[in-house]
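Trainee: Next input, structure requested:
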Amino acid sequence: FDKKGDMEKALASYRQAVTLEPLNADYLYLLGYTYERNKNLPSAVDAYGKALTTKPDDADIAFSLGYANEQIGQYTDAIDAYNRAIELEPDDYDAYYGLASVYESSGRLREALASFREVVAMKPEEESPLRTLGAIALKLEEWDEVIRVYEALAKKEPDDPDSHRILAIAHKRQGNTPAA
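Mentor: Numbering: from 1, shown residues only. As a prediction, the model looks like this:
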């Protein structure tokens, strides 16, 4: 049903499966995923949470729980779930990215800065996390970091006026007006 797009039938099927086998982590996970696709995130969090309790060593379930919690603003729970996913799969780029995003969304900018550094180190070719790292460094007035990030961005996109403008601001803030 899920693959055919009939979400109501998919939900009914997964609910029935969970009723018959309440400790089946796969059914709970699929129920959570179906809730998530239907934008019923509190129910997705509930199903993913039960799935993770049943199968605590499943990084995919932990990641999904983190994502669903993040979407409803349950940042502390999202951080816990993303950290669990990272603990289970230390090379999980998406979990690191999710964790960094939650730190940023929750206003924990120092932690976001540190986490986005890790994300960028994992995939230095990705522009989006590099831009986010730069934006956070700018908010925190970490001028050396701002310069390093926006110089890298200016190399990637030499015609991007924002990178050059921010570089000029950072150099000026450091008293290096010739470079600005």
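
Trainee: Do a quick rundown of the strands in the protein.
Mentor: Assigned by DSSP state E, the chain shows no strands.

Trainee: quick one, helices of it?
Mentor: Taking DSSP state H to define them, one finds helices in the chain at 7-20, 25-37, 41-54, 59-71, 75-88, 93-105, 109-122, 127-139, 143-156, 161-173.

Trainee: What about the nearest residue to Asn38 once chain neighbours are set aside, how many residues nearby?
Mentor: Among residues not flanking Asn38 along the chain, Met7 sits closest, at 5.4 Å (C-beta to C-beta, 6 or more residues apart in numbering). Quick note: C-beta positions are derived from backbone N, CA and C, even for glycine. Neighbours of Met7 under the rule other C-beta atoms under 10 Å: 15.

Trainee: Ok, Leu20 next?
Mentor: By other C-beta under 10 Å, 9 other residues sit near Leu20.

Trainee: do the same with Tyr93
Mentor: Other residues lying near Tyr93 total 14 when counted by other C-beta under 10 Å.

Trainee: quick one: it from Glu118, how far?
Mentor: 10 Å (C-beta to C-beta, to the nearest Å).

Trainee: thinking again about what came up before, looking at the helices of the chain, which one is packed in the most?
Mentor: helix 59-71 (a mean of 24; mean count of other C-beta atoms under 10 Å).

Trainee: Check what contacts that helix and list those residues.
Mentor: Around helix 59-71, the neighbours that count as contacts under C-beta atoms under 8 Å, 6 or more residues apart in numbering are 25, 29, 32-33, 36, 41, 44-45, 48-49, 51-52, 55, 75, 77-82, 84-85, 88-89, 92, 94-95, 98-99, 101-102, 105.

Trainee: One more: stretch 170-180?
Mentor: Residues outside stretch 170-180 that contact it (C-beta under 8 Å, 6+ apart): 138, 141, 143-144, 146-147, 150, 167-169.

Trainee: change it to 7 Å
Mentor: Counting contacts by C-beta atoms under 7 Å, 6 or more residues apart in numbering, the residues outside stretch 170-180 that touch it are 143, 146-147, 150, 168.

Trainee: what's near enough to touch the most centrally placed residue in the chain?
Mentor: Nearest to the mean C-alpha position of the chain, by C-alpha atoms, centre = their mean, lies Gly98 at 1.5 Å. Neighbour list for Gly98: 63, 66-67, 70, 82 [criterion: C-beta under 7 Å, 6+ apart].
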